[in-house]
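K.L.:
sequence-free structure coming up:
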């Protein structure tokens with residue numbers, strides 16, 4: 001698995017509003033109505049995350065979920081990270 005170049009990351013993020021590159025990762029913060037909604041999003045995402053066997057770095061503070069995606073074994077952002085970001089976008093939109 002080869003990490004994306006900065007240009008490839010920029011192109012991939014074009015279709016992912018709110019996502020940005022931060023160092024060797026892509027990041028986004030989601031805000032929900034309240035704590036319960038944020039936790040419901042995390043719970044819905046866990047199944048897809050386990051299926052991909054690609055686990056994000058994320059934190060939850062009240063109604064916010066901050067996500068950082070990076071393929072550690074590849075040393076940067078890969079297609080796997082972009083795929084997971086797309087899934088998370090769909091799940092957040094359905095919240």
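P.N.:
Yep, that arrived. Keep in mind that this is a model prediction, so the values were computed, not measured.
K.L.:
C-alpha from now on. contacts and neighbour counts both.
P.N.:
Will do.
K.L.:
please state the offset of the lengthiest helix in the chain from the chain centre?
P.N.:
For the chain, the helix with the greatest residue count under DSSP state H is helix 35-52. In terms of CA atoms, centre = their mean, to the nearest Å, the centre of helix 35-52 is found 11 Å from the chain centre.
K.L.:
can you name the residues in contact with that helix?
P.N.:
31-32, 55-56, 60-65, 84, 87-88, 91-92, 95 (CA atoms under 8 Å, 6 or more residues apart in numbering).
K.L.:
among these, which are located in strands?
P.N.:
Secondary structure from DSSP state E places 31, 60, 61, 64, 65 of the contacts of helix 35-52 in strands.
K.L.:
so the fourth one sits against residue 30, correct?
P.N.:
Read that as residue 64. Yes - using CA atoms under 8 Å, residue 64 is in contact with residue 30, at 5.6 Å.
K.L.:
filter the ones in strands among the contacts of helix 35-52 to the buried ones?
P.N.:
In the ones in strands among the contacts of helix 35-52, burial by neighbour count holds for 31, 60, 64, 65, counting by 16 or more other CA atoms under 10 Å.
K.L.:
OK, contacts around residue 77?
P.N.:
Here residue 77 is in contact with 3, 4, 9, 24, 25, 26, 69, 70, 71 (criterion: CA under 8 Å, 6+ apart).
K.L.:
sounds good, over and out.
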